[in-house]
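Asker: Give the three-dimensional model of this entry:
(one chain, ligands or ions: 2)
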Amino acid sequence: KKSPLDKIITYTNQLTLSHKQSMFSVEYAALNYIAPNKTQYAYKMEGYDQDWNDVGSQRKATYTNLPAGDYTFKVKATDLNGNWYLHPATIALTIRPPFYRTTLAYIIYVLIILSVIFFLRKMEIKKMKRKNKIKLERAQVKKEHAFYKQKIDFFTSMAHEIRTPLSLIIAPLEKLIQSNHWRPKIKEQLTIMEDNSNRLLMLTNQLLDFRKMESDVYEIQQERIEIVSLVHQIFSRFSSISYKKGIKYAISSHLESQEIEADPEALTKILSNLLINAFKFTRSRVEVRINKPYTHKGKHYFSISIEDDGIGIPKKELSEVFKKFYQVSSGAHEYHNLGGNGIGLALAKSLTEKHEGSLSIESKENIKTIFTVHLPFTPSKEQPTSAILSKEETEEEKDKQYAMIVEDDVSLLDFISKNIEDEGFAVIKAKNGKDAMQQLEKEDIKIIISDVMMPEMDGLALCQRIKENTNYSHIPVILLTARTNMEVEIEGIENGADAYITKPFKWKHVMAIVNNLLTSREQLKQKFSQYPFEEPGSLVTNIGDKKFVNQVTDLIMEHLDDPQFSVTELSNELAMSRSNLHKKLKAISGHVPNKFIRLIRLKHAAKLLLQKEYSIAEIGYMTGFNSPSYFSKCFNLQFKLTPKEFVKKENQKSNS
Ligand code: ATP
Ligand code: MG
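Answerer: Numbering: from 1, shown residues only. Ligands and ions are numbered 1, 2, ... in the order given. Next comes the predicted model:
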């Protein structure tokens, strides 16, 4: 039976709706004109409804928010008798999805997600790469550092080893040159030998310096020097190189002379390094210029330039060359690998900076390079005359000063002896510690210079013996060692050595230490004689001598009021021979025993005077003077004041 519904619905059988129409209705009607109200309907949205919706005579189906998709809307009706027509009317219905849910959209989504993943991954890889690179770099730096340390360690120990034999070449050579009977030709050769061994020494020292600089313990020793002649001296060291290489080598100066405060050793190192570089890279000309001094920010500066016409340094690397181990590798340098370690300039720079100066550089590639050292200085004033006077005064002392040199190496022994003789000392030579001990008695020795490594008795043992023996413990001992070895040094100092010199040494250095030791002792003695309250203990530094001085002072104090107390008694009580006591007291205090006893009496008298418990006359008797007038006379002679004046002065002092 044909459904009357067919007739209604034929006008369309396909419907497409956009998702935006969230609500829509379908109206339907059966062609039943007799009793339209009797017609019953049921519809079903296939794909959405599970069952038929029986809706009675309602002729409208409303749907809201149907998800996108294909549906078939079916509706069926009853006939007058209430029987369902078998064939429902259908209409195909498509609800189009929104754009974001279309296939295209999904493709886009997938693409976006894929690209994001790709991007993230790439980022991560990049990050990882960077991390690895840093890690690698760090490892490399570490490795380089370790390698560098190894290298430096190796060179340092080599340098140490080389220094000893080298000093044994230099010292006899110096001696050879000094004995003036050479023909000029031979002398010239000897000088070349000396120059070059000095250069070798400089190189080894440079390595050691570099090591020291790295550990920041290096300190320069500034003194007032005449720099123009020093520069000339350094300049001339290189003339043989220039001659050999056929390089024009010149020096020009704006100054006749100039005094500045500087460390000559350090300056030599700085300039030598610059000159070595200049000779390394130049084509035909090296020039040293001593420039006009200038002022900058109120400070006076002295400057020296070293110019060469070599391959120069590329602009972008100018600031790098002062870095440790930096060697230019671009430009013409690519074809000029001339060896080296790249520490020369780093060392020169830090040495200049220790002088509060600076090292500047100027370069035109393939044309020239100029390095300039700038050093601050204070313009010289007139020397005060008093300094000269006091020097004359000390030279009055006519006693022959004996120095003992202990050294197993004959040539070094001769060398030191000769030089110290030139300084006005009489010399006693000893081959080793044992020999030295035996000879100690001979003379009143002022100073001992001893090697450390010797057969029979080494320097440390000798030093210990000397310092343990009251007769000799006051004699300053300088030890010479081949190594800058802390342990030996500490051991030596524990054994009472007064100073330390490492081989190879400069003679100037040795003399500076000798003079320093002797003058500081002289000053102590003077202070002790001049000032009433300076205690005898201040005269000495080592424990043995302190004990001795205290013992002597105590004995004198015990016999203070006894004018008859004599040197013989004192030496008996000390269990010491008169001559030894004489030597010892003279060496320590600068006074013979008689005078020393009197000085102790006078010092005690000064203390009593201050207490104001006794009269001057009483005090004179109490301190062992036979008469008040003799006491006053002695007091005046010693302290340049009468007891009365002394009391007055001290009162004024305490009042003010
Ligand atoms: P070292 O001095 O330790 O034996 P080095 O000479 O290579 O080695 P530095 O003196 O520190 O090391 O110099 C560093 C670098 O600077 C040199 O390798 C060189 O490339 C460059 N350089 C230095 N002086 C000059 C110069 N006068 N002309 C051109 N390049 C120079
Ligand atoms: Mg160099």
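
Asker: any weak-confidence spans in the stretch 201-350 of the chain?
Answerer: Along the stretch 201-350 of the chain, segments meeting pLDDT under 70 span 214-218, 240, 244, 337-341.

Asker: So which bits of it are right by ligand 1?
Answerer: 273, 277-278, 281, 308, 310-313, 321, 326-328, 333, 340-346 (CB under 6 Å from any ligand atom). The way it works is simple: take the backbone N, C-alpha and C, and place the C-beta from them, glycine included.

Asker: same thing but 8 Å
Answerer: 206, 273-274, 276-278, 280-282, 306, 308, 310-313, 317, 321-322, 326-329, 333, 338-348 (CB under 8 Å from any ligand atom).

Asker: Now, these that are in helices?
Answerer: 206, 273-274, 276-278, 280-281, 344-348 (DSSP state H).

Asker: Please type out the PyMOL selection for whichever of the residues you listed turn out to be buried.
Answerer: Written as a PyMOL command, the selection of buried residues from these, which uses 16 or more other CB atoms under 10 Å, is:
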select buried, resi 206+273+274+276+277+278+281+344+345+346+347+348
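
Asker: For this protein, give me the ranges with low pLDDT.
Answerer: 1-15, 19-21, 214-218, 240, 244, 337-341, 380-399, 482-490.

Asker: give me the number of residues near the residue of the stretch 551-656 of the chain found nearest ligand 1?
Answerer: Using CB to the nearest ligand atom, the single residue of the stretch 551-656 of the chain nearest to ligand 1 is residue 587, 49.2 Å away. Using other CB atoms under 10 Å, residue 587 has 20 neighbouring residues.

Asker: Could you do residue 275 as well?
Answerer: Neighbour tally, residue 275, other CB under 10 Å: 22.

Asker: Just give the closest residue to it, not the sequence neighbours.
Answerer: Among residues not flanking residue 275 along the chain, residue 238 sits closest, at 5.2 Å (CB to CB, 6 or more residues apart in numbering).

Asker: Equivalent analysis for residue 636, please.
Answerer: Nearest non-adjacent residue to residue 636 (CB to CB, 6+ apart): residue 642, at 5.0 Å.

Asker: Give me the phi and psi angles of that neighbour.
Answerer: Backbone torsions of residue 642, given as degrees, to the nearest 10, read phi -80, psi 160.

Asker: How about residue 355?
Answerer: Dihedral pair for residue 355: phi -90, psi 10, per degrees, to the nearest 10.

Asker: How many residues are close by it?
Answerer: 21.

Asker: need the contact list for it.
Answerer: The neighbours of residue 355, taking CB atoms under 8 Å, 6 or more residues apart in numbering as the test, are 220, 222, 262, 263, 266, 375, 376.

Asker: what about 10 Å?
Answerer: 220, 222, 260-263, 266-267, 270, 373-377 (CB atoms under 10 Å, 6 or more residues apart in numbering).

Asker: Narrow the residues you listed to those that are buried.
Answerer: Members of those classed as buried by 16+ other CB under 10 Å are 260, 262, 263, 266, 267, 270, 373, 374, 375, 376, 377.

Asker: Quick check: the last one touching residue 227?
Answerer: Yes - taking contact to mean CB atoms under 10 Å, the distance of 8.2 Å between residue 377 and residue 227 places them in contact.

Asker: what touches both of these two?
Answerer: 258, 259, 260, 261, 262, 302.

Asker: now the residues you listed in a markdown table, with distance to residue 624?
Answerer: Output for the shared contacts of residue 377 and residue 227, formatted as a markdown table (distance: CB to CB, whole Å):
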| residue | distance to residue 624 |
| --- | --- |
| 258 | 60 |
| 259 | 54 |
| 260 | 56 |
| 261 | 52 |
| 262 | 55 |
| 302 | 62 |
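
Asker: Show me which of those residues is closest to residue 457.
Answerer: Residue 457 lies nearest to residue 262 out of the shared contacts of residue 377 and residue 227, by CB to CB, at 41.1 Å.

Asker: so who does the closest residue to ligand 2 within the stretch 501-650 of the chain touch?
Answerer: Closest residue of the stretch 501-650 of the chain to ligand 2, CB to the ion: residue 504 (22.5 Å). Shown in contact with residue 504 (CB under 10 Å, 6+ apart): 162-171, 197-198, 201, 204-205, 412, 480, 482.

Asker: Quick one: buried ones out of the residues you listed?
Answerer: In the contacts of residue 504, burial by neighbour count holds for 162-163, 166-171, 197-198, 201, 204-205, 412, 480, 482, counting by 16+ other CB under 10 Å.

Asker: tally of neighbours for residue 183?
Answerer: The number of residues near residue 183, taken as other CB under 10 Å, comes to 8.

Asker: how close does it sit to ligand 2?
Answerer: 37 Å (CB to the ion, to the nearest Å).

Asker: What segments of the stretch 401-550 of the chain are helices?
Answerer: Along the stretch 401-550 of the chain, the segments classed as helices by DSSP state H, counting those that start in this stretch run 410-422, 433-439, 459-468, 486-494, 507-530, 543-558.

Asker: Next up, the contacts around the residue nearest to the residue of the stretch 501-650 of the chain closest to ligand 2 when sequence neighbours are not counted.
Answerer: Distances taken as CB to CB, 6+ apart put residue 167 closest to residue 504, at 2.9 Å, once the chain neighbours are dropped. Each residue near residue 167 by CB under 10 Å, 6+ apart is listed here: 197, 201, 409, 412, 415, 480, 482, 502, 503, 504, 505.

Asker: Lovely, talk soon.
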